[in-house]
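Undergrad: Return atomic coordinates for the entry below.
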Amino acid sequence: MSHLDDAAFAHLQSWQGRSQTLHDTICHAPLLGLAATLDEPADAASGPWAAHTALPPLAHWLFFLPRQRQSELGPDGHARRGGFLPSVPLPRRMWAGGQLQWETDNPLRVGDEAQRTSTIASVQRKRGRTGDLVFVQVRHDIANARGHCLTETHDIVYRAAAVAGQPASEPAPAPFQPARPAVWQQTVCADDVLLFRYSALTFNGHRIHYDRRYVTEVEGYPGLIVHGPLMATWLTRLACRQAAPGARMQRFAFRALRPVFDASPITLHGCPAADAADSADAAGQTLDLWITDAAGALTMQAQAHMLPAA
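TA: Numbers count the residues shown, from 1 in each chain. Now for the predicted structure:
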């Protein structure tokens, strides 16, 4: 199916306003697994992984994970549609982007008992080159015993199946030029083992990330797809390394523009935003961040706002 009639779309919009609340304990093991997957050193007794320390940006994605039984999964490895998320009939589903804002005076900490309340904020339809696109935005509010910690909006896009022989869209050039001589770059390569480990950490059964036969023969992609959240996590790591010592991320927004496939290097880029001050002040500093693939095509762009150390 590539087109939704008005009645089918109205049915999808009936999901707007639905909510669910999940509870979890912020524990060490997933954080140590993420550090290993990202090839970072970690010690459960010290550093950012120690008890009662604040989580690094986006590490909350290791918690509040799906718990559907095996019999409740659809053919793509996700939960069957029609539960909390709307039953969109378009077969290809991707994490399109998101916006996050942290309460920097009340971060999630290792050892917290926490809850996440998720609400379907909107269901929208757009007409694309290959048919209808459905965009679902989910708002997540995360709190611990001390109060609110984080608000996140999560953008999901559903697309029609690939059409045989259809040409790929033209690559988009990176939109940012270095605002000053110091430009930060890092090259990374997500092979199939790394993608499997990240899927396992996030209990993500979506077969596009680890099942090569499925992703090429059923969904029509040329290879395993690198997780959007993994790429966003790499960008936040880059931002935190380049920010002033002790700086805290207050806001982060990212948008996935083009799929990235396994075994091909990608480059992370960053620089102070064009209108940023020469150094962080009491108001903080804004950083522009983006990723290009091996051909130089823009695949993700993001922006982070960092507050100085308290």
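
Undergrad: my guess is Cys149 contacts Thr117, does it?
TA: No. Under the criterion of CB atoms under 8 Å, Cys149 is not in contact with Thr117, lying 11.8 Å apart. For the C-beta atoms, the positions are set from N, CA and C on the backbone; glycine is no exception.

Undergrad: overlap in contacts of those two?
TA: Shared contacts of Cys149 and Thr117, defined by CB atoms under 8 Å, 6 or more residues apart in numbering, comprise Ala143.

Undergrad: now the strands for the stretch 151-300 of the chain?
TA: Under the criterion DSSP state E, counting those that start in this stretch, strands of the stretch 151-300 of the chain are mapped to 184-188, 248-256, 266-272, 285-292, 298-307.

Undergrad: Can I get those strands in CSV including distance to Asp39 and mean neighbour count?
TA: What follows is the strands of the stretch 151-300 of the chain, written out as CSV (distance: least, CB to CB, whole Å; neighbours: other CB atoms under 10 Å):
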stretch, distance to Asp39, mean neighbour count
strand 184-188, 9, 14
strand 248-256, 21, 20
strand 266-272, 14, 21
strand 285-292, 17, 23
strand 298-307, 20, 22
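
Undergrad: right, so of the ones you listed, which gets closest to Gln99?
TA: Among these, strand 248-256 comes nearest to Gln99, with 4.4 Å by CB to CB.

Undergrad: Run through who's touching the closest one.
TA: Contacts with strand 248-256, where a contact means CB under 8 Å, 6+ apart, come from 57-58, 94-102, 104, 107, 228, 231-232, 235-236, 239-240, 284, 289, 299-307, 309-310.

Undergrad: Pull up the pairing partners for that strand, direction included.
TA: Strand 248-256 pairs in its sheet with strand 92-102 (antiparallel), strand 298-307 (antiparallel), by DSSP bridges.

Undergrad: And the average pLDDT for stretch 303-310 is what?
TA: Stretch 303-310 shows a mean pLDDT of 89.

Undergrad: and the strands paired with strand 248-256 as JSON lines, adding distance to Leu34?
TA: As requested, the strands paired with strand 248-256 are exported to JSON lines (distance: least, CB to CB, whole Å):
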{"stretch": "strand 92-102", "distance to Leu34": "17"}
{"stretch": "strand 298-307", "distance to Leu34": "19"}
